[in-house]
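In: Here is my input, please return the structure:
(2 chains)
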Amino acid sequence: MSIQRSGPGSAVRLRGFGWRHAGRKRWAVRGLDLRIEHGERVLLLGASGAGKSTLLAALAGLLPEDSGEQEGTVEVDGRDPRTAREEVGLLFQDPETQLVMARCGDDVAFGPENRGLPAEQIWPRVDEALRRVGFRYGRDRPTAALSGGEQQRLALAGVLALRPRLLLLDEPTANLDPAGAALIRDAVAAALDADTTLLLVEHRLAEALPLVDRVVVLAPGGGVHADGTPQAVFAAHGEALAAEGVWVPGQPVPSRPATTTAGEALLTADELALPPRLASVSLTVRAGEALAVHGPNGAGKSTLALLLGGLLAPAAGRVTATAELAGGDARTPPHRWRAPALVHRIGSVFQDPEHQFVTAAVADELALGPRRTGRTEAQVRATVDALLDRLRLTALAEANPYTLSGGEARRLSVATALATAPRLLVCDEPTFGQDRRTWRELVELFAELRDNGHGLVTVTHDPEFIAALADRQVRLDHPRSTP
Amino acid sequence: MINLEPVTRPDAPLARRNPVAKLAAALLCSVILIATLDPVAPAIAIAFELALLPLFGVRLRVLARRAMPLLVGAAGVLVTLVLFAAERSGRILVEAGPFLVTSGVLITALGLVLRMFAVALPGLIVVATTDPTDLADALVQNARLSARFAYGALAAFRLVPLLAQEWQMISMARRARGVDAGRNPLARLRLFGSTAFTLLVGAIRRGTRLAVAMDARGFDATTPRSMARRQHFGRADGLLIAGAVLLAGAALTVSVAVGTFRPLIG
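Out: Purely as a prediction, here's the structure:
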């Protein structure tokens, strides 16, 4: 069946478009002129905070008029997007908060039901959408039994079942491991037909570039910074974009191998296990060494980080601190230490920075740990100021941690762990979803810590991070696949 | 942890009934049985309900495991009443120091426990035999409940198990920041409060994201919603409701006939 798809206007047309969320001083996006024709596949780039997600929400008609202030116009097929909702499909980052129903088929049917499609047409559409994304299971498969990548693939099927003419993808692989990201890239490639317009926001350019024929870069202050074919844009602006934080292909990142050899052991794990989350693993963490733990989703990497961080009690085996790390306390396992003693020795940085925020201001977050470990107010002040400066957070000292952008929140969560000067730092996916600039700063900071004799354990999917920093690697496999 | 997954053989004749019919039958049965304070009517009703279990395709042992919190509660009620009831009429059964157990007290306590079970059992059976999706479908199609409410609640329900994980994660994150309460009960209370607040903030954010994702798929569309899965309300479903009323009515009649009936009001 072929549908007549020559609408009255461009697929997307923005004239001087701007949006300011209610209650915010800053415009999320401003002064944007952009025209996207039917069937174009566009990658939207821009440093974090450039307004990419706001733009997608506007195009999907998800910015109610009373939720902020608009400038200029935005049109989808010549119409206000709020009245052209059936034209547009939007896929978000997090599969967990996109799936509605308990069974896969029901979830894909959810959209067509909302649009009032007659029941006898719904199931053929569901089957078609599942087939287009290469879904491997039946309609009755419970959504909870899917991996993150499969869930996201299902969410894509749910969007495609609405047959949108404009498909918006908002960092669809950001929450997935490399295998899951590949699943989604293949599913999108297979699902696109000749006259679907695609607008994609994605940090991982290597994943995104095979899907697009045009790149649009938003400028941080508003407007369009660059626009054209991927080759043209990266040839003309590659270096500038890389400096702004965009992951430009072919722009190398510096490598920071250790300048000294590893020192004394700080922490050892002996046949440490927590079934069913983590199968038995033994390792030693040394001073002046960066140890990278990698492996597929579900292998228990985060669990290992929590066990090494003294936050979780093991079910089998043990974690032992050396006297070098813990002095007289080395006889007790880290998970039994009082929290103020723990943060003095082992700092933990969680995958989700927001889990770790306890106060209402950035400066207070940084002061919390040092105060708990009994420093004088003058020492606390000095530590806080040094960290604010080091991690470019000085201007945000009074801001609420929950209002920070992804990169700022990550820098703050690392800074809070460093504030108590622990000898050992355990980080779970510290570079996850970060732009290139923050990424480089983190690598630089970790390298410095390592070279100053700190021990560093990072759980990570990021091969570039491992290549740039790690002195040693440990691979974890899925508990089911190890004997 | 409370488990709400259905545990039935799907082909059992009464488990297959319309979820709204099952819910109505359970509600009516419970409401009627609340009307009396005696132990006879609920005992009869419980006997019938248990006898009907095979028709619902639920095994007694599975149901008993589900009813564990109820069993514990019932034991608590029994002990409390037997030991501390104010009115101690009837024959003295046990007299041990300050404890005086009389036949009147025992009958009242037993009546209360049996009522608890008679009222809760139909609900437990409905939960054990009903898929939440089917229930939402039937509530929208057969009971005219708003789709926005029914499916919104269903989607939110899916996020509940995440809260327990999230609580553990936030607690560990606090410890990693050097925050723990030690043995100070006041500090414990404060820590509990601040952890709960963080959990709430996270739950609201996640709920908002889910709501936006649902709206992006047209959940807020003004066109009338269609139904991919049909729920039928047939004669058998009507009969189930009538049967439940008859059963509860019969139990009350017997209780009146043997003279144990004690109305709740009056």
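
In: B:Ala155 looks like it's in a strand, true?
Out: No: counting by DSSP: H, G, I helix; E, B strand; the rest coil, B:Ala155 is located in no strand; its state is helix.

In: any idea how far A:Gln473 lies from A:Asp195?
Out: Per C-beta to C-beta, to the nearest Å, A:Gln473 is found 46 Å from A:Asp195. Placement of C-beta: from N, CA and C, glycine included.

In: A:Gln121 now?
Out: A:Gln121 is 21 Å from A:Asp195, by C-beta to C-beta.

In: Which strands or helices does whichever helix in chain B runs longest pack on?
Out: Secondary structure of chain B read by DSSP state H shows that its longest helix is helix B:185-216. With contacts defined as 3 or more C-beta pairs under 8 Å, 6 or more residues apart in numbering or on different chains; DSSP states H and E, helix B:185-216 has these neighbours: helix B:147-176.

In: what residues does the stretch 101-250 of chain A put near chain B?
Out: Contact residues, the stretch 101-250 of chain A versus chain B (C-beta under 8 Å from any C-beta of the partner chain): A:101-103, A:106, A:109-119, A:122-123, A:126, A:143-144, A:158-159, A:162.

In: Show me chain B divided up by domain.
Out: Listed domain ranges for chain B are B:19-138+B:232-257, B:145-216 (source: automatic domain parsing).

In: List, one by one, the residues from the stretch 351-483 of chain A near chain B.
Out: Taking C-beta under 8 Å from any C-beta as the contact definition, the stretch 351-483 of chain A meets chain B at A:352, A:354-358, A:368-369, A:372-373, A:402, A:416-417, A:420.

In: PyMOL command to pick out the buried ones of those residues?
Out: Here is the PyMOL selection string for the buried members of these, based on 16 or more other C-beta atoms under 10 Å in any protein chain shown:
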select buried, chain A and resi 352+354+355+356+357+358+368+369+372+373+416+417+420
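
In: Now for A:Ala378, how many residues are close by?
Out: A count of nearby residues for A:Ala378, using other C-beta atoms under 10 Å in any protein chain shown, gives 8.

In: pLDDT at it, what is it?
Out: Model confidence at A:Ala378, given as pLDDT, is 92.

In: Skipping its backbone neighbours, what lies nearest the spatially most central residue of chain A in space?
Out: For chain A, A:Gly433 is the residue whose C-alpha lies nearest the centre (C-alpha atoms, centre = their mean; 3.2 Å). When the adjacent residues along the chain are set aside, A:Gly433 lies closest to A:Ala174, with 4.9 Å between them (C-beta to C-beta, 6 or more residues apart in numbering or on different chains).

In: residue contacts, the one you found?
Out: Applying C-beta atoms under 8 Å, 6 or more residues apart in numbering or on different chains to A:Ala174 gives the contacts A:Gln93, A:Glu202, A:His203, A:Phe432, A:Gly433.

In: wait, which of those is closest to chain B?
Out: Nearest to chain B out of those is A:Gln93 (C-beta to the nearest C-beta; 9.0 Å).

In: Correct me if wrong: that closest one contacts A:Asn175.
Out: Yes: with contacts counted by C-beta atoms under 8 Å, A:Gln93 reaches A:Asn175, the gap being 5.5 Å.

In: Report the contact partners of A:Asp477.
Out: Going by C-beta under 8 Å, 6+ apart, the list of residues near A:Asp477 reads A:Ala279, A:Gly295, A:Pro296, A:Ala299.

In: any low-confidence regions in chain B?
Out: B:1-4, B:86, B:266 (pLDDT under 70).

In: one step back: any idea which of the contacts of A:Asp477 has the most stuff around it?
Out: Tallying neighbours with other C-beta under 10 Å puts A:Ala299 at the head of those, with 25 neighbours.

In: what secondary structure does it sit in?
Out: Quick answer, by three-state DSSP: A:Ala299 is coil.

In: Phi, psi for it please.
Out: phi -80, psi -10 (degrees, to the nearest 10).

In: quick one, what contacts it?
Out: Neighbouring residues of A:Ala299 by C-beta under 8 Å, 6+ apart: A:Leu278, A:Leu476, A:Asp477, A:His478, A:Pro479.
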